[in-house]
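> Below are the sequence and a predicted model; questions follow.
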Amino acid sequence: MSALLHQPLVPEPDGPAAPERAAPVIADREPDPGGPARARPGLREADEACLRLARRHYENFTVASLVTPRPLRIHLARIYAYARTTDDLGDESGGSALWRLELWRTEVERMLAGETPVHPVLVALRETVRRFEIPAAPLLDLIAANVQDQRVSAYATWEELRSYCMLSAAPVGRMVLRLFGIRDPRAVPLSDDVCIGLQLANFAQDVAVDRRKGRRYLIQSDVERLGVRGAVRAMCERALGLLASGRELERLPMPARLRLQLSLYRGGGEAIIDAISREGFRTDVHRPTVSTATKLRLVAAAVRPGASADGREAAERYCQRMARREAGNFYWGFIALPRPQRISIYALYDFARQVDDAADLGAGDGVREPLDLAARQRFGTALLRDVLSPDGAERRLAAQRAELEGQRTRLRRALGGDADGDPVMQVLARSVRRHRIPLSELEELVSGVEMDLVKSRYATWEELREYCHLVAGVVGRMCVRIFGFDDPAALERADTLGAALQLINILRDVREDAGMGRVYLPGEDLARFGVSEDSLLAGEPDGAWTALVEHEAARARRLYAAGIAVCQHIPGPARACVRTMAGIYGGILDRIEADPELPLRQRVRLSSGEKAGVMLRSWAAATGAGLRR
């Protein structure tokens, strides 16, 4: 419930892990008025109970207390204990949860009215409420959220879920601000954003856990539009946008220790989302966790001088992490670039990746057009029937187009100055301005991905060449703008090199594309070499397959030779980058030419050692070319 308190910021202690939920702490006032009265605990005893609760059930309480000024630590423990007691009454009371929560609400309201409470947590909390003038709303909102959990198990829209989060997550942050004396009116909405972002990260992480409890916090409209995986991804993206408010909050005037504590909370949420992303957003199958090493790095980064880097640095780190995780062959080339160019390239690649993923997510949980027996076994007959039905196809296409249109809108807003909470767009917008990248080239990239939604066959090379221009050639042009060039011919040569690499991709991925019902090789070439579409889709091409591959490989070689001449017009480090990326694809083409049936059996790739060798040779070639110029 109280997301701010649940973030895994420090390694768990050695020994058996504590149970996820302790037995509920029930209000000491018994529902039977004739029952025996219980002695009220003293303040010291009550505080000891609060400390035990906080230390036992919130793994980040220890680190939070260490960075909190000593006079405030007991007050923080009281708030933690209150949130825990409230959550336990809702989660661990079974069928009696509602009346126990109502009894708890009565106890709290009496304490707020000035009566002496009985429950030890309230005995302690009363002192904090008085000293820091904590209003009734955040205390009662936490109870209301638990009551809502007993009555509502799913949320149709973001507005509904956000209203719930305002009850269940935001109150704790508001109370912590009170402890530290933060009265800046800007702080409360920013704190709300951070707390809700943390809770969304927890919801995205715990899809399978919540399902076992009969609850679903994924937004139903997202699930219907994007599938479960897409809805998890959408929730992570929304969470990142909200967590970005944490950096703005940390820049407000506040004690250094509170700034450190907020940085730890925010970093924990971002680490959870990163772990979810690495698992492919399939938290309905597996619950990802944050490793001990990552937790230690978070703490070390937060306490390091200058750790409160501004939003620009955070956005750049996000782009780098995404590129390292997703870029594969291209990342080996990226690392040759100077940092300013490298960051711009990361953002461009990340945007291209997100556009491609948007089209995939619009299709549901990774299903596009599975046509073969393996697809039926994987996805199930009922799901396959829905995906391939005319209505299902129309719904899928509409969802995919809506996702891509959303990417266009996102791009235009960012370039218009509205990129808050979107790290990729923040970096990309700066790169577009710095390197004068035309909006038209970015929109062409989106149009190329959109072409995949409506076109799965290409009659001629000219048709396929236009597709290669949209999905690869314009990327080459934008890269050259980032590198810098001394002749406009560099743009056309970069486009040609992009087409060469895309054609190599098509040869490499022929089996995977056939599994989705796609044939990119030109129809006129298939006919020329006697290879039928049906045989290719079945994975056993007839006719002169070897001759067809040799023909397409020769075309790729010609394009490659013309395109690599772009290196004559760009700086040395950029030449190393281009030669590395092109060299890796050249190695893939070598293997396909040596064994034309290899792509029918497996995905052709180079080992890490081979890629490193390409990179070293590219560095040497780029340096030599620089000396000769």
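Noted; the coordinates are in hand.
> Quick one: name whatever helix or strand follows the longest helix belonging to the chain.
Counting residues, the longest helix in the chain under DSSP state H turns out to be helix 390-415. As assigned by DSSP states H and E, the chain's next helix or strand after helix 390-415 is helix 423-435.
> Alpha carbons of that next one, as PDB, please.
Extracted C-alpha coordinates of helix 423-435, given in PDB (Å, rounded to 0.1, in the frame of the first residue of the first chain):
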ATOM      1  CA  PRO A 423      13.900  10.900 -20.700                       C
ATOM      2  CA  VAL A 424      14.300   9.700 -24.300                       C
ATOM      3  CA  MET A 425      12.400  12.700 -25.600                       C
ATOM      4  CA  GLN A 426      14.300  15.100 -23.400                       C
ATOM      5  CA  VAL A 427      17.600  14.000 -24.900                       C
ATOM      6  CA  LEU A 428      16.300  13.600 -28.400                       C
ATOM      7  CA  ALA A 429      14.800  17.100 -28.400                       C
ATOM      8  CA  ARG A 430      18.100  18.600 -27.400                       C
ATOM      9  CA  SER A 431      19.900  16.600 -30.100                       C
ATOM     10  CA  VAL A 432      17.500  17.600 -32.800                       C
ATOM     11  CA  ARG A 433      18.100  21.300 -32.000                       C
ATOM     12  CA  ARG A 434      21.800  20.900 -31.700                       C
ATOM     13  CA  HIS A 435      22.300  18.900 -34.900                       C
END
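> What are the buried residues along it?
Pro423, Val424, Met425, Gln426, Val427, Leu428, Ala429, Arg430, Ser431, Val432, His435 (16 or more other CB atoms under 10 Å). (C-beta placed from N, C-alpha, C; glycine too.)
> Please apply the same query to stretch 600-612.
So, applying 16+ other CB under 10 Å, buried residues of stretch 600-612: Leu600, Val604, Leu606, Lys611.
> what about the helices in the stretch 1-150 of the chain?
3-6, 43-57, 61-67, 70-91, 97-112, 120-132, 136-151 (DSSP state H, counting those that start in this stretch).
> now stretch 120-135: how far from the chain's centre is it?
Counting by CA atoms, centre = their mean, to the nearest Å, stretch 120-135 is centred 38 Å from the centre of its parent chain.
> Need the contact partners of stretch 154-171.
The contact list for stretch 154-171 (CB atoms under 8 Å, 6 or more residues apart in numbering) reads 1-4, 137-139, 141-142, 144-146, 148, 152, 191-192, 195-196, 198-200, 215-217, 219-221, 238.
> can I get the buried residues of stretch 600-612 in CSV with distance to Glu115?
Formatted as CSV, the entries for the buried residues of stretch 600-612 read as follows, by distance: CB to CB, whole Å:
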residue, distance to Glu115
Leu600, 79
Val604, 76
Leu606, 74
Lys611, 71
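> which of these lies closest to Ile482?
Nearest to Ile482 among the buried residues of stretch 600-612: Lys611, at 22.1 Å, using CB to CB.
> Just the element for that closest one, please.
Counting by DSSP H and E, Lys611 is found in helix 608-628.
> For that helix, give the mean pLDDT please.
Confidence for helix 608-628, expressed as mean pLDDT, is 72.
> for stretch 430-443, same thing?
Rounded mean pLDDT across stretch 430-443 is 93.
> And for stretch 119-126?
The pLDDT scores in stretch 119-126 average 95.
> Could you do stretch 80-92 as well?
91.
> and stretch 154-173, how far apart are its ends?
24 Å (CA to CA, to the nearest Å).
> three-state assignment of Leu501?
helix (DSSP: H, G, I helix; E, B strand; the rest coil).
> Please report the distance of it from Asp495.
11 Å (CB to CB, to the nearest Å).
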